[in-house]
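Engineer: Here is my input; please provide its structure:
(chains A and B)
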Amino acid sequence: MGQIRLQGVQKSFGPVHIIKGADLEITDGSFVVFVGPSGCGKTTLLRLIAGLEDVTGGAILIDGRNVVDVPPAKRGLSMVFQSYALYPHMSVRGNIAFGLKMAGLPKDEINRKVEAAAATLNLTPYLDRKPRELSGGQRQRVAIGRAIVREPKAFLFDEPLSNLDAALRVQMRLEVTRLQKQLGTTAIYVTHDQVEAMTMADKIVVLNGGKIEQYGSPLELYEKPANLFVAGFIGSPKMNFVTGDLAKQQGATTIGVRPEHLKVERDGQGGWHGTVAVAEHLGSDTFLYVDAGPLGMLTARYVGELDLHPGDKVSLIPDPARIHRFDDGGKSIRA
Amino acid sequence: MATQQTQLLARTLLTPAVALLFIWMVVPLALTIYFATLHYNLLDPGSESFVGLENFRYFLTDPAFLASLQNTLVLVGSVLAITIILGVPLALLLDQQVVGLSIVRLMVIAPFFVMPTVSALVWKNLLMHPVSGLFAWIAHLFGLPAIDWFNEAPLFSVILIISWQWLPFATLILLTALQSLDEEQKEAAEMDGASAISTFIYITLPHLARPITVVILIETIFLLTVFAEIFVTTGGGPGLQTTNIAFLIYSQALIQYDVGSASAGGLVAVVLANIVAFFLVRIVGRNLEA
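Structural biologist: Just a heads-up that it's a prediction; the model follows:
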């Protein structure tokens, strides 16, 4: 079991409020990603759950038990750190076994569990190597092995893939997701990369300035962002925002359209007119950065190749069903 | 930097410095070797004559030699043990976040900057003096007889003074090493359920292995040649109880005026230091690799 509930969790460092009251319910076995810009408090929130920081106020319930006064090791969670934090003088075996050794398990049971964990992660040939003799991806796996061997109620991941190169990151992303589904253990994963969040999560928590902006499934966040911040943060390239008269006609202060929901037409009728400033041809997609005069710069995405070049006149036609409307406070207006 | 031209240039530019250092080293060594083969006593000028290895035989068979060799080893070993065993907890304490820490750190390192002669004099006359010393006064407070440190436990007293001087050095090196210990590693150990003591044994101490090696190597080099503290406090006595090799050589040369025997002793000391260094590097040098 690994059900985690946050009730009004607050954290301040002196006069600085990092977490301004977080309420959250994480169901057993789900993969939840905390995402947000740097300094939004996502790592702090994770550390509060881990017990590496003390809460200033509120309660953290793991399987219904308030753990705010429980030391980290007794919470039944395990953590994968950004720097992996492997013990450099211990072999891979020693690293994975350390938690079990501290728990006072008998030797043969430790060996059995370590070898099982190593087999799951394809680490068996490296068990007697030191961390410095491993590649980045292997170190990452050792850190994960150290987490899974303790059979925790939940895994906590603190930006674990940020030190890997792009190709390895995609591969590890898949491996982590697959492993989590296979083990069925609750996981909380912190990242600043919204692509990681969208691809890995069952549910995403978007944090900004110490507040939870929205909590929902990736597609919920994509299709029904609660506010301007979530709308701008989720999705790549960013959503286009338009203010002024055009928005007022729709009964909103700001309207937003995702680049993929803008139809691009050469010298077309209607829609929004502009000049191509930059065109990025990826083969599979074409990204257009269009100078639309009073509307500002707009980004449009076209699936496939589109033979347009800087200086070409285009018109962009927004999909009326996919226009997001926001009020004065940036809140989403639902029809 | 790999072209032949730059290599040649580098060698040419280095030559004067290397040559100077080489001469600086070789001339005294050659003279020492030369003197070691002479009967050469300052009280008996003009009687210098070649005696072969007679000075070495005289120095090595002198009962004072074995006594002082033992004293040297005891002194080095004790000071190393004291500075490291006390240095580790001190460094751990100084690694905590406390108000006024920078001042405390400065105070801790201060003894290292006091000249050996001065600190030895302070210890001898202000702290350990059996009549007017602070320790005697404290003993008196408890109604105990004052201890005449330099007569009752002379070698221990010298070890105490030297340890006091070298403790800051060990502490400082260990402290900087502690500060470079990755915070996340400690947190990982905390998540793994390690107690403070387990974290110290399994995480901190292995991390300190390398700086401890550095402390041992550097302190050994300096402690083999301790002289000022002995000269100022006990003068090698009572008897030979605080005479180490360095002091023995001094007394051969400038108390007995026997330059030949002192030179032989100097060469013996060089050989001994190399033997110690050889074993030291073998035992602890492995820690410095990779």
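
Engineer: Name the residues that touch stretch A:8-20?
Structural biologist: The contact list for stretch A:8-20, computed with Cβ atoms under 8 Å, 6 or more residues apart in numbering or on different chains, reads A:21-23, A:41, A:44-45, A:48, A:53, A:55-60, A:209-211. For the C-beta atoms, the positions are set from N, CA and C on the backbone; glycine is no exception.

Engineer: start to end distance for it?
Structural biologist: 8 Å (Cα to Cα, to the nearest Å).

Engineer: Leaving out sequence neighbours, find the closest residue to residue 192.
Structural biologist: No chain in the question, so chain A it is. A:Ser38 (5.9 Å; Cβ to Cβ, 6 or more residues apart in numbering or on different chains).

Engineer: Chain B is the one I meant
Structural biologist: Among residues not flanking B:Asp192 along the chain, A:Gly99 sits closest, at 3.7 Å (Cβ to Cβ, 6+ apart).

Engineer: likewise B:Ile33?
Structural biologist: Using Cβ to Cβ, 6+ apart and skipping residues adjacent in sequence, the residue nearest B:Ile33 is B:Leu267, 6.7 Å away.

Engineer: Which among the contacts of stretch A:8-20 count as buried?
Structural biologist: Buried by 16 or more other Cβ atoms under 10 Å in any protein chain shown: A:Gly21, A:Ala22, A:Gly41, A:Thr44, A:Leu45, A:Leu48, A:Glu53, A:Val55, A:Gly58, A:Ile60, A:Gly210, A:Lys211, out of these.

Engineer: Now the fourth one: which helix or strand?
Structural biologist: Pointing back at A:Thr44 there. Assessed by DSSP states H and E, A:Thr44 sits inside helix A:42-50.

Engineer: which element follows that helix toward the C-terminus?
Structural biologist: Next along the chain from helix A:42-50, counting by DSSP H and E, comes strand A:57-62.

Engineer: ok now the following helix or strand past that next one, how far from the chain's centre?
Structural biologist: Next along the chain after strand A:57-62, taking DSSP H and E as the criterion, comes strand A:65-66. Relative to its chain's centre, strand A:65-66 lies at 26 Å (Cα atoms, centre = their mean, to the nearest Å).

Engineer: counting contacts, what elements does the helix or strand just after strand A:65-66 pack onto?
Structural biologist: Using DSSP H and E, the helix or strand that follows strand A:65-66 towards the C-terminus is strand A:77-80. Judged by 3 or more Cβ pairs under 8 Å, 6 or more residues apart in numbering or on different chains; DSSP states H and E, the packing partners of strand A:77-80 are helix A:42-50, helix A:136-148, strand A:154-158, helix B:183-191.

Engineer: Confirm that A:Phe287 sits in a strand.
Structural biologist: Yes. A:Phe287 forms part of a strand when assessed by DSSP: H, G, I helix; E, B strand; the rest coil.

Engineer: Tell me, how many residues neighbour it?
Structural biologist: By the other Cβ atoms under 10 Å in any protein chain shown criterion, the neighbourhood of A:Phe287 contains 16 residues.

Engineer: Find the nearest non-adjacent residue to it, please.
Structural biologist: Spatial nearest neighbour of A:Phe287, excluding adjacent residues (Cβ to Cβ, 6+ apart): A:Glu280 at 4.2 Å.

Engineer: Which strands border whichever strand or helix holds the one you found, and is each parallel or antiparallel?
Structural biologist: Using DSSP H and E, A:Glu280 sits within strand A:272-281. Here strand A:272-281 has these sheet partners by DSSP bridges: strand A:285-291 (antiparallel), strand A:313-318 (antiparallel).

Engineer: Going by neighbour count, list what's buried in that strand.
Structural biologist: Across strand A:272-281, burial judged by 16+ other Cβ under 10 Å covers A:Trp272, A:His273, A:Gly274, A:Val276, A:Ala279.

Engineer: thought the second one was touching A:Lys313?
Structural biologist: Yes. Using Cβ atoms under 8 Å, A:His273 is in contact with A:Lys313, at 7.1 Å.

Engineer: Please, where are all the strands along the stretch 201-335 of chain A?
Structural biologist: A:203-208, A:211-216, A:240-243, A:254-257, A:262-266, A:272-281, A:285-291, A:297-303, A:313-318, A:324-326, A:332-333 (DSSP state E, counting those that start in this stretch).

Engineer: brain fart, chain B
Structural biologist: Along chain B, the segments classed as strands by DSSP state E run B:38-39, B:49-50.

Engineer: ok, now which ones touch the most centrally placed residue in chain A?
Structural biologist: Geometric centre of chain A, nearest residue: A:Ala197, 3.1 Å, by Cα atoms, centre = their mean. A:Ala197 makes contact with A:Val33, A:Val35, A:Thr191, A:Ile204, A:Pro218, A:Ile234 under the criterion Cβ under 8 Å, 6+ apart.

Engineer: hang on, the first one is in a helix, isn't it?
Structural biologist: If I follow you right, that is A:Val33. No. Going by three-state DSSP, the assignment for A:Val33 is strand, not a helix.

Engineer: What residues does the nearest residue to it once chain neighbours are set aside make contact with?
Structural biologist: Residue nearest to A:Val33 in three dimensions, not counting chain neighbours: A:Ala201, with 3.9 Å by Cβ to Cβ, 6+ apart. Counting by Cβ under 8 Å, 6+ apart, A:Ala201 touches A:Phe31, A:Val32, A:Val33, A:Tyr189, A:Ser217, A:Pro218.

Engineer: which of the residues you listed are buried?
Structural biologist: Taking 16+ other Cβ under 10 Å as the criterion, what is buried in those is A:Phe31, A:Val32, A:Val33, A:Tyr189, A:Pro218.

Engineer: possible to save those as CSV with distance to B:Tyr34 and pLDDT?
Structural biologist: Formatted as CSV, the buried ones among the contacts of A:Ala201 follow (distance: Cβ to Cβ, whole Å; pLDDT from 0 to 100):
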residue, distance to B:Tyr34, pLDDT
A:Phe31, 82, 92
A:Val32, 82, 93
A:Val33, 80, 92
A:Tyr189, 76, 92
A:Pro218, 87, 92
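
Engineer: Give me the distance between the residue nearest to A:Val33 and A:Asp312.
Structural biologist: Counting by Cβ to Cβ, to the nearest Å, the gap from A:Ala201 to A:Asp312 is 38 Å.

Engineer: Next: B:Trp149.
Structural biologist: B:Trp149 is 95 Å from A:Asp312, by Cβ to Cβ.

Engineer: Comparing these two, which residue is more hemmed in?
Structural biologist: Per other Cβ under 10 Å, whichever of B:Trp149 and A:Asp312 has more neighbours is B:Trp149, with 24 against 16.
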